[in-house]
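*Asks:* no sequence on hand, only this structure:
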Ligand code: SF4
Ligand code: SF4
């Protein structure tokens, strides 16, 4: 009997907390609707993934390699990003470019997102601004580890 009473008490307590949040949020939203600015804002529920929150311009999203005007990757396979990466998750294989103006290009450029910590060091280290993390894409899921080994050499 005491146990049932405790369960009931906790249920009522939970409902009271939910109701408190509901009315507090509704008050803030109503004040805002009438143009009254408050220091605190009402909580907003974003219907992810149908609706997505705008990312900050400085946000590190998934990687991309900037293409050159002729469509080839602008990476010159210098390996600086590979050297600086703290997670050792970049794999770059260099090849000769037929264009004599370009020394090298990546025959293979893979980022292993299983290990990447999104620090952005690779972007900072690149001397030709070839690698960027500005795709705005943050969805990252795969059923296999291999699915998160993403090739970047085809822009
Ligand atoms: S973001 Fe950081 S961890 Fe990820 S590939 Fe670049 S340097 Fe490596
Ligand atoms: S992405 Fe930049 S730092 Fe990395 S290998 Fe290519 S040119 Fe070098």
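*Replies:* Okay, I see it. In this text, all values refer to a predicted model and were calculated from it rather than measured experimentally. Ligands and ions are numbered 1, 2, ... in the order given.

*Asks:* when you work out contacts or count neighbours from here on, use the C-alpha atoms and nothing else.
*Replies:* Will do.

*Asks:* just the residues contacting stretch 69-79, thanks.
*Replies:* The contact list for stretch 69-79 (CA atoms under 8 Å, 6 or more residues apart in numbering) reads 65-68, 92-95, 102-106, 128, 130-131, 153-155.

*Asks:* put the buried members of these into a PyMOL selection.
*Replies:* Buried residues among the contacts of stretch 69-79 (16 or more other CA atoms under 10 Å), as a PyMOL selection:
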select buried, resi 65+66+67+92+94+104+105+106+130+131+153
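
*Asks:* residue numbers of the chain in contact with ligand 1?
*Replies:* Listed as neighbours of ligand 1 in the chain under the rule CA under 6 Å from any ligand atom: 85, 86, 87, 89, 90, 116, 117, 118, 119, 120, 121, 122.

*Asks:* ok, the fourth one - contacts?
*Replies:* By CA under 8 Å, 6+ apart, the residues touching residue 89 are 82, 111, 112, 113, 115, 116.

*Asks:* please repeat the previous calculation with a cut-off of 10 Å.
*Replies:* Applying CA atoms under 10 Å, 6 or more residues apart in numbering, we find residue 89 in contact with 81, 82, 110, 111, 112, 113, 114, 115, 116, 117, 149.

*Asks:* swap in residue 99?
*Replies:* Contacts of residue 99 (CA under 10 Å, 6+ apart): residue 105.
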